[in-house]
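Asker: Structure for this input, please:
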Amino acid sequence: MTDRPVLHAASGMVRDATGGPAAMPALAIRDLTRRLGRKTVLDHVDLDVAPGEFLALLGPSGCGKTTLLRLIAGLDGADDGRIRIAGRPVDHDGRLLVPAEARGVGMVFQSYALWPQMTVAENVAFALKRARRGPAETAARVAAALDTVGLTEHADTMPDRLSGGQRQRVALARVLAAAPALVLMDEPLANLDPHLRRGIGDEIRRLHDATGAATVYVTHDQTEAMTLADRIAVMDRGRIAQVAAPADLYDQPADTATARFVGQGAVVSAMVLRGEIAGRVPVRIGGGDAIIRAAPGTLAGPAQIVLRPEALVPAPAGTTGSLPAFVSRRTFEGGGHLLRLAAPWAGEPLLMRTGRHAPDTGETIGVLIRDGWVLPRA
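Answerer: Sure, this is the predicted structure:
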């Protein structure tokens with residue numbers, strides 16, 4: 001098994017297993033800045049995407065993720081910074097060196113962006129014809145792409161006769177037929193009904209694995225990002241707050257914004273009682289103690305800790321080692337319940353995930369802390 005490129009946490013750049021530079025990235029972004037009037041939409045962004053990697057740009061509306069995607073695609077220009085695609089400079093300090101149509105990038109839009117006057121097959125063939133592919137090659141690529149997404153029987157159908165899921169498959173087929181080395185997706189599932197989102201998401205990942213194209217996928221839905229991506233770049237107010245594999249992002253968020261945005265985490269003040277040993281530290285929260293995870297080198301002193309819903313366990317009020325909390329809301333989740341708790345020692349609402357038998361709204365309970373994470377000190 002070969003070593004896959006990994007993230008160098010300080011820079012957001014891809015490194016090999018020894019910490020040295022990995023093979024040439026499919027996409028390399030350095031110090032990228034974009035301003036609109038007095039507002040800085042992107043603020044000195046650094047990011048690498050490895051060949052064949054599926055990277056999600058995750059963040060709330062207005063954080064800059066779609067602007068970043070547009071700069072990569074060449075639909076907009078940066079004010080400062082540099083973009084390289086497969087080693088080729090395409091944008092350098094505000095100069096568009098390569099126009100959008102010459103970047104070799106495939107794009108899947110939220111709105112599908114299909115030509116209404118063209119059949120499904122004609123939509124898929126459009127970019128190939130503009131690239132002056134021969135008729136035989138174009139026909140073969142279109143047929144293969146439609147077969148891959150299961151739309152062969154709809155080749156002569158007009159887009160307005162298709163469902164939303166089928167239209168998104170046409171958009172995917174159009175990218176497949178062009179076979180770009182880099183694929184950009186701007187919230188491609190946003191306009192689909194909830195029951196279609198999972199199926200089309202699975203198909204997007206399957207097609208990515210089959211083609212090997214590096215993919216940058218914009219979403220505000222953390223479930224999509226966690227399910228589909230190899231790594232996730234969390235964006236906050238125009239900056240990349242953290243880039244990590246989904247499990248690492250969930251278990252070890254780098255700051256309070258990431259901790260709260262990903263995984264329904266609550267951030268609570270605590271006192272670390274002793275420095276880190278074997279990745280864990282004792283902490284005092286309110287009047288109770290717990291042992292939780294921490295980064296190497298974490299020292300004793302005041303800290304912020306992340307508590308996830310599954311790390312909290314209900315107990316009868318007054319149980320030794322527990323902290324008091326009031327159940328303000330109970331929501332059924334199928335296999336169990338999600339409790340919303342009010343606790344004076346927490347400083348903000350807590351969420352607790354339980355089994356089928358759970359305390360009722362209005363009850364005062366004890367909370368046992370089974371796990372947590374000490375946020376790195378700024």
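Asker: now the longest helix anywhere in the chain, how far from the centre of its chain.
Answerer: As assigned by DSSP state H, the longest helix anywhere in the chain is helix 194-211. Mean-position distance between helix 194-211 and its chain equals 15 Å (C-alpha atoms, centre = their mean, to the nearest Å).
Asker: Convert the C-alpha atoms of that helix to CSV, please.
Answerer: The C-alpha coordinates for helix 194-211 follow below in CSV (Å, rounded to 0.1, in the frame of the first residue of the first chain):
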residue,chain,number,x,y,z
PRO,A,194,-34.1,15.0,0.4
HIS,A,195,-34.9,11.5,-0.7
LEU,A,196,-32.8,12.0,-3.9
ARG,A,197,-29.8,13.7,-2.2
ARG,A,198,-28.2,10.5,-0.8
GLY,A,199,-28.5,8.5,-4.0
ILE,A,200,-27.1,11.2,-6.2
GLY,A,201,-24.3,11.9,-3.6
ASP,A,202,-23.4,8.2,-3.7
GLU,A,203,-23.3,8.4,-7.5
ILE,A,204,-21.0,11.5,-7.4
ARG,A,205,-18.6,9.6,-5.2
ARG,A,206,-18.7,6.5,-7.3
LEU,A,207,-18.0,8.5,-10.5
HIS,A,208,-15.2,10.3,-8.8
ASP,A,209,-13.6,7.0,-7.8
ALA,A,210,-14.0,5.6,-11.3
THR,A,211,-12.5,8.6,-13.1
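Asker: who's in contact with that helix?
Answerer: Residues outside helix 194-211 that contact it (C-beta atoms under 8 Å, 6 or more residues apart in numbering): 54, 148-149, 164-165, 168-169, 172, 176, 179, 183, 185, 188-189, 192, 215, 217, 224, 227-228. For every residue, glycine as well, the C-beta is placed using N, CA and C.
Asker: How about stretch 178-188?
Answerer: By C-beta under 8 Å, 6+ apart, stretch 178-188 touches 26-27, 49, 51, 66, 69, 72-73, 85-86, 103-110, 127-128, 131, 141, 168, 171, 175, 200, 204, 208, 211, 213-220.
Asker: one more time with 7 Å
Answerer: 26-27, 66, 69, 72-73, 85-86, 104-110, 127-128, 168, 175, 204, 213-219 (C-beta atoms under 7 Å, 6 or more residues apart in numbering).
Asker: Same check on stretch 155-165?
Answerer: 114, 116, 119-121, 123, 146, 154, 167, 170, 191-193, 196, 200.
Asker: Ok, stretch 26-39 next?
Answerer: Taking C-beta under 7 Å, 6+ apart as the rule, stretch 26-39 contacts 40-51, 67, 71-72, 78-86, 181-182, 214, 216.
Asker: And it, what's buried?
Answerer: 26-30, 32-34 (16 or more other C-beta atoms under 10 Å).
Asker: Likewise for stretch 36-54?
Answerer: Neighbour-count burial for stretch 36-54 [16+ other C-beta under 10 Å]: 40-42, 45-54.
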